[in-house]
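Undergrad: how would this look folded up:
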Amino acid sequence: MQRLLCIRCGDSIHPDTAKQNEGLCVPCVRGNQLSIEQRSEQRRREREVERAWRESPEHRYWLSLVERVYKQPGGFGALSRGDQLYYLVNVLSGEVHNGGFDQFFSNSSGDRYYETVQALAELEDQATLSLLEEAKSTLFGAVDVPVDGVARFGLMRTASEDHPQYAATVLALDQLDKRFYANAESVSSLLERVATAHDLYRDA
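TA: Predicted coordinates:
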C-alpha cells in the first residue's frame, strides 16, 4: 500500500492514519511536529553551525593535534605540555559525551587515565577530576587501572552482565555521566583557557 505525506510536515504516513486525521500524521495532530518550513530552517541552522565549526581555528588545531599524536615520531610524548593538557581533557570530554565514562575506560583513552588525572589536577579542575575518580572507583573499586586495554576491560564491573555489581555499576555510571554533561560548559571553558595560556591556535 502506497504511503501518503502529512499535509503539514511532509512525513510519510499510512493512508489509514491520513484518513482518520484529515491528512495529518499523529505528531502533527498532537501539536508536537515541526512544519516543513521549520524543519528546513532548523537543518539550515545546523549546517551553518557545523560549517562554522569545521572552519574554526579550534577544529583545525584539533585535527593537527590528533595527527601529531598518532603520526609524528614520539607521539603524545613529543607534544608540548600545553598540547598534552588539551589533548587529555578533550579526549576525556569526547569519550564521555559519546558513550559515558564506561567508554572512556573501555577505549584506548583509558590507557592514559592517570595522565588525565594529573592533567586535571594541574589545571585545578576539581569538579571534573572528582567525577573521573568516582567513575574509576565505581568501575574498579580500589584496584589500580591497568594501562593495557585487555587487562583493564577484564577488571571492569561492566565487562559482563554476570558480574554481581553490574546493575549497580551501570546505574551509578549513568548518574556520573549526567553530572559530567551538566558540567560541559565548564570543561569547554577549561579547554579555551588552556588554548589561550599556551597559544595553541596560533598556527591553526
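Undergrad: Helices of the protein, residue ranges please.
TA: Secondary structure of the chain (DSSP state H): helices at 15-20, 26-30, 36-54, 57-71, 81-106, 113-122, 126-140, 149-155, 166-182, 184-197.
Undergrad: Dump those helices to CSV, plus mean pLDDT, mean neighbour count and distance to residue 4.
TA: The C-beta positions use only the backbone N, C-alpha and C, and glycine is treated the same way. Listed next are the helices of the chain as CSV, based on pLDDT from 0 to 100; neighbours: other Cβ atoms under 10 Å; distance: least, Cβ to Cβ, whole Å:
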stretch, mean pLDDT, mean neighbour count, distance to residue 4
helix 15-20, 77, 13, 5
helix 26-30, 73, 15, 13
helix 36-54, 73, 11, 15
helix 57-71, 95, 14, 42
helix 81-106, 97, 20, 37
helix 113-122, 98, 17, 53
helix 126-140, 98, 18, 49
helix 149-155, 96, 14, 49
helix 166-182, 97, 15, 39
helix 184-197, 96, 15, 41
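Undergrad: Now distance to residue 7 too, for those, in TSV please.
TA: Shown next, in TSV, are those (distance: least, Cβ to Cβ, whole Å):
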stretch	distance to residue 7
helix 15-20	8
helix 26-30	8
helix 36-54	10
helix 57-71	41
helix 81-106	38
helix 113-122	53
helix 126-140	48
helix 149-155	52
helix 166-182	38
helix 184-197	39
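Undergrad: Looking at those helices, spot the one closest to residue 8.
TA: helix 26-30 (4.6 Å; Cβ to Cβ).
Undergrad: can you give me how far the closest one is from the chain middle?
TA: From the chain centre to the centre of helix 26-30 is a distance of 32 Å (Cα atoms, centre = their mean, to the nearest Å).
Undergrad: which residues are in contact with it?
TA: With Cβ atoms under 8 Å, 6 or more residues apart in numbering as the test, helix 26-30 has contacts from 6, 8, 9, 11, 13, 17, 21, 33.
Undergrad: Roughly how far does the nearest residue to residue 122 once chain neighbours are set aside sit from residue 190?
TA: The shortest distance from residue 122 to any non-neighbouring residue, by Cβ to Cβ, 6 or more residues apart in numbering, is to residue 85 (7.0 Å). To residue 190, residue 85 is 9 Å away according to Cβ to Cβ, to the nearest Å.
Undergrad: Much appreciated, bye for now.
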